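Peer 1: can't give you the sequence, but here's the structure:
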């Protein structure tokens, strides 16, 4: 029998909405919509994934988490198009009473500028030089100062995404943060004097921060497709910065893979490799908080 859904836009829309399911979901029974004014709402957004979690600002407890792949619509659809469908089945997400909202942006569009050289009127030029291309009208440039490292994070957010969140939460303070800034917060909290590399691994890219004696040596993001790509960029960065594999410290966060291949191979080349507390733990069904999002670390979200 022919499926007439294919020829009915309304039926197509209904089919998409009904099939939207999170890759993972966690919540505690003490979640209460009446307490939303005391809850903080966090997002991590990339071109391929969307995750939100709710944190009680009083108890600092994470009480709700959901993770989605952004693949509901066709390849030409935007991040906002996909997120809108997720919101269509989420009443409490639409509340405008949240204590605060923090949006963590994982993209290739960022650069760090040393404070002595920073001029606000040059924001666009800084980012253009870093990206090697003109900044389009579809992007809005933002900045965050980091006094601890003596620099300013300059990054862009899609204008469509920024406008959509502003319209969805007109009465709530929204903070935009580049993922690399969170990784720097982790490095700062550890305050290691020895050369140290912090790597945040996601499905299609890794964010890398390198410090030495408490000073930033490198902050970059590399697109990846496989475990071999991840290994290449880690080892190439160590070599480029003349960091001894025997003396350097490497800490991994994010999606490490269930087979342990990355850790096993990397340990053959680097002596001091450690797993951060926020690597992938796919135990949603066991009621444990998923820890594959580095933005969940208390050093940043408290």
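Peer 2: Looks like it came in fine. This is a predicted model, so every value here is computed, not measured.
Peer 1: Can you show me the helices along the stretch 201-302 of the chain?
Peer 2: Under the criterion DSSP state H, counting those that start in this stretch, helices of the stretch 201-302 of the chain are mapped to 227-240, 261-269, 298-301.
Peer 1: Include mean neighbour count, mean pLDDT and distance to residue 176 when you put those helices into a markdown table, please.
Peer 2: Placement of C-beta: from N, CA and C, glycine included. As requested, the helices of the stretch 201-302 of the chain are exported to a markdown table (neighbours: other C-beta atoms under 10 Å; pLDDT from 0 to 100; distance: least, C-beta to C-beta, whole Å):
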| stretch | mean neighbour count | mean pLDDT | distance to residue 176 |
| --- | --- | --- | --- |
| helix 227-240 | 16 | 94 | 26 |
| helix 261-269 | 14 | 89 | 30 |
| helix 298-301 | 15 | 46 | 14 |
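Peer 1: closest one to residue 114 among those helices?
Peer 2: With C-beta to C-beta as the measure, helix 227-240 is the member of the helices of the stretch 201-302 of the chain nearest residue 114 (19.9 Å).
Peer 1: Could you quantify the relative orientation of the closest one and helix 261-269 as an angle?
Peer 2: Angular relation of helix 227-240 and helix 261-269 on a 0 to 180 degree scale: 30 degrees, by axes from the mean of the first three to the mean of the last three C-alpha atoms, to 10 degrees.
Peer 1: so what secondary structure elements neighbour helix 227-240?
Peer 2: Counting by 3 or more C-beta pairs under 8 Å, 6 or more residues apart in numbering; DSSP states H and E, the packing neighbours recorded for helix 227-240 are strand 196-201, strand 205-212, strand 215-223, helix 261-269.
Peer 1: Show which residues not belonging to it make contact with it.
Peer 2: Under the criterion C-beta atoms under 8 Å, 6 or more residues apart in numbering, residues 197, 199, 201, 206, 208, 210, 218, 220, 222-224, 243, 245, 248, 250, 257, 261-262, 265-266, 269-270 lie in contact with helix 227-240.
Peer 1: Now the buried members of those.
Peer 2: Judged by neighbour count, with 16 or more other C-beta atoms under 10 Å as the criterion, the buried members of those are 197, 199, 201, 206, 208, 210, 220, 222, 224, 243, 245, 248, 250, 262, 266, 270.
Peer 1: okay, now residue 175: neighbour count?
Peer 2: For residue 175, the neighbour count with other C-beta atoms under 10 Å is 12.
Peer 1: who does the closest residue to residue 112 other than its chain neighbours bridge with?
Peer 2: The shortest distance from residue 112 to any non-neighbouring residue, by C-beta to C-beta, 6 or more residues apart in numbering, is to residue 151 (4.6 Å). Beta-bridge partners for residue 151, by DSSP bridges, are residue 114, residue 146.
Peer 1: in terms of contact, does residue 151 touch residue 117 like I think?
Peer 2: No: using C-beta atoms under 8 Å, residue 151 is not in contact with residue 117; the gap is 9.4 Å.
Peer 1: the more surrounded of those two?
Peer 2: Remark: of residue 151 and residue 117, residue 151 carries more neighbours, 22 against 10, as counted by other C-beta under 10 Å.
Peer 1: in the protein, which spans are strands?
Peer 2: Shown for the chain, the strands assigned by DSSP state E span residues 24-27, 39-45, 49-56, 62-69, 100-105, 110-114, 139-146, 151-158, 174-178, 196-201, 205-212, 215-223, 249-254, 272-279.
Peer 1: Need those in a markdown table (columns: mean pLDDT).
Peer 2: A markdown table is the format used below for these (pLDDT from 0 to 100):
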| stretch | mean pLDDT |
| --- | --- |
| strand 24-27 | 83 |
| strand 39-45 | 94 |
| strand 49-56 | 91 |
| strand 62-69 | 88 |
| strand 100-105 | 94 |
| strand 110-114 | 94 |
| strand 139-146 | 93 |
| strand 151-158 | 94 |
| strand 174-178 | 94 |
| strand 196-201 | 93 |
| strand 205-212 | 94 |
| strand 215-223 | 93 |
| strand 249-254 | 90 |
| strand 272-279 | 74 |
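Peer 1: Between those, which one is closest to residue 124.
Peer 2: Of all the strands of the chain, it is strand 139-146 that lies closest to residue 124, at 5.9 Å by C-beta to C-beta.
Peer 1: Residues contacting that closest one, please?
Peer 2: Under the criterion C-beta under 8 Å, 6+ apart, residues 109, 112, 115, 120, 123-124, 127, 135, 151-159, 162, 176-178, 181, 184 lie in contact with strand 139-146.
Peer 1: Please repeat the previous calculation with a cut-off of 6 Å.
Peer 2: Judged by C-beta atoms under 6 Å, 6 or more residues apart in numbering, the contacts made with strand 139-146 from elsewhere in the structure are 123, 124, 127, 152, 153, 154, 155, 156, 157, 159, 162, 176.
Peer 1: Nice, that's everything, thank you.
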